[in-house]
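*Asks:* sequence isn't available, so here's the structure alone:
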Ligand SMILES: Cc1cc2nc3c(=O)[nH]c(=O)nc-3n(C[C@H](O)[C@H](O)[C@H](O)COP(=O)(O)OP(=O)(O)OC[C@H]3O[C@@H](n4cnc5c(N)ncnc54)[C@H](O)[C@@H]3O)c2cc1C
Ligand code: FES
């Protein structure tokens, strides 16, 4: 391997793609690799993400470790299945004032096998005023049964490198590089009743999960809580209301925390945590799947714990 590169970059150069949702910023903690060679002490940037046990086993954040000589490493076998794709943007749809949906057709390779709830990482390209190229995580919103296409829902972050690229510098027909699938946010066995909670673009993996469950006719009761500020932040309302009409086992509860007077909103009002607490009864055989900002997820976990759901019944993807 070339000296001086990060271990994450050196592995990617050899087509071994380690999960790295933050693109190497040491803020996701997902790029863990077990290193069997002494490479010096754990860095302060790694410490928050490593347990004492992991440190004792030589686990490191591969985005922080520099490769200066040959290293012995071990990584889970499934990571060898992650591919790098060229994907053509077939369609771009504006969903809200700051959210767009992108539909990609996979060009090379042509097929992606993934589980509903997983994510891909896409690479930005340099654009006017931004020479830096980054790689960012986006959850797949389409269903796994459609293996030749991938849909993503991307919220524009003001001054965000990748979201500005996707919202303002790509067009239908362009080709993008993506890698995947990654992630542990997929359906677990065991529960009859599923609670989905999302805000903003966190709707993406929930859409994939709900449609996958309905398509497979799994015997699950599902409630989807979607939190937004005003009506202009809501999207796919008709799609989920229609599902509610067609499937007795699916319920959709959108809630606005601060509806505008002109919204004429007669649905649930309040923080999503309060709305969840109002509707979810003491659990028996329940699981919760949460997706959105870290603040929303932490607050919802507290509420769900209060209702009686345990750690192993709550799954989440924080959009850091
Ligand atoms: C597992 C996973 C799945 C994800 N799935 C999705 C998805 O489906 N859709 C989606 O839109 N995003 C998703 N994200 C978030 C996404 O990966 C990026 O972090 C986000 O789009 C910002 O990227 P950027 O390059 O535009 O911003 P950056 O250039 O990284 O950030 C620019 C500035 O904005 C701040 N910032 C970064 N992110 C946010 C934010 N979300 N809100 C407010 N400020 C922010 C940063 O601190 C920085 O100051 C996911 C993240 C993870 C970890
Ligand atoms: S890539 Fe996110 S912590 Fe290393």
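*Replies:* Structure's in. What do you need? Only a predicted model underlies this, so the values are computations on that prediction, with no experimental measurement involved. Ligands and ions are numbered 1, 2, ... in the order given.

*Asks:* which parts of this structure are helices?
*Replies:* Listed in chain order, the helices found in the chain under DSSP state H are 7-13, 52-56, 161-168, 203-215, 237-246, 272-279, 294-307.

*Asks:* how's the protein carved up into domains?
*Replies:* 7-78, 82-182, 193-318 (automatic domain parsing).

*Asks:* compile these into JSON lines and extend it with columns for mean neighbour count and mean pLDDT.
*Replies:* Bear in mind the C-beta positions are built from the backbone N, C-alpha and C, glycine included. Shown next, in JSON lines, are the domains of the chain (neighbours: other Cβ atoms under 10 Å; pLDDT from 0 to 100):
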{"stretch": "domain 7-78", "mean neighbour count": "16", "mean pLDDT": "92"}
{"stretch": "domain 82-182", "mean neighbour count": "17", "mean pLDDT": "96"}
{"stretch": "domain 193-318", "mean neighbour count": "18", "mean pLDDT": "95"}
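
*Asks:* let me have these in a markdown table, extended by distance to ligand 2.
*Replies:* Shown next, in a markdown table, are these (distance: least, Cβ to the nearest ligand atom, whole Å):
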| stretch | distance to ligand 2 |
| --- | --- |
| domain 7-78 | 3 |
| domain 82-182 | 9 |
| domain 193-318 | 12 |
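
*Asks:* tell me the contacts of the closest residue to residue 288 other than its chain neighbours?
*Replies:* The spatial neighbour of residue 288 that comes closest, neighbours along the chain excluded (Cβ to Cβ, 6 or more residues apart in numbering), is residue 195 at 4.3 Å. Shown in contact with residue 195 (Cβ atoms under 8 Å, 6 or more residues apart in numbering): 223, 225, 276, 280, 286-289, 304.

*Asks:* and for residue 141?
*Replies:* Here residue 141 is in contact with 101, 151-153, 203-205, 207-208 (criterion: Cβ under 8 Å, 6+ apart).

*Asks:* try residue 228
*Replies:* Going by Cβ under 8 Å, 6+ apart, residue 228 touches 199-200, 234, 254-257.

*Asks:* and if you look at residue 74?
*Replies:* Residue 74 touches 33-34, 36, counting by Cβ under 8 Å, 6+ apart.

*Asks:* which of these sits closest to residue 189?
*Replies:* Nearest to residue 189 among these, counting by Cβ to Cβ, is residue 34 at 27.8 Å.

*Asks:* which strand residues bridge that closest one?
*Replies:* Taking DSSP bridges as the rule, residue 34 bridges to residue 59, residue 74.

*Asks:* now, which of the contacts of residue 228 sits nearest residue 5?
*Replies:* residue 200 (34.4 Å).

*Asks:* ok, and the closest non-adjacent residue to that closest one?
*Replies:* Nearest to residue 200 is residue 155, by Cβ to Cβ, 6+ apart, at 5.3 Å.
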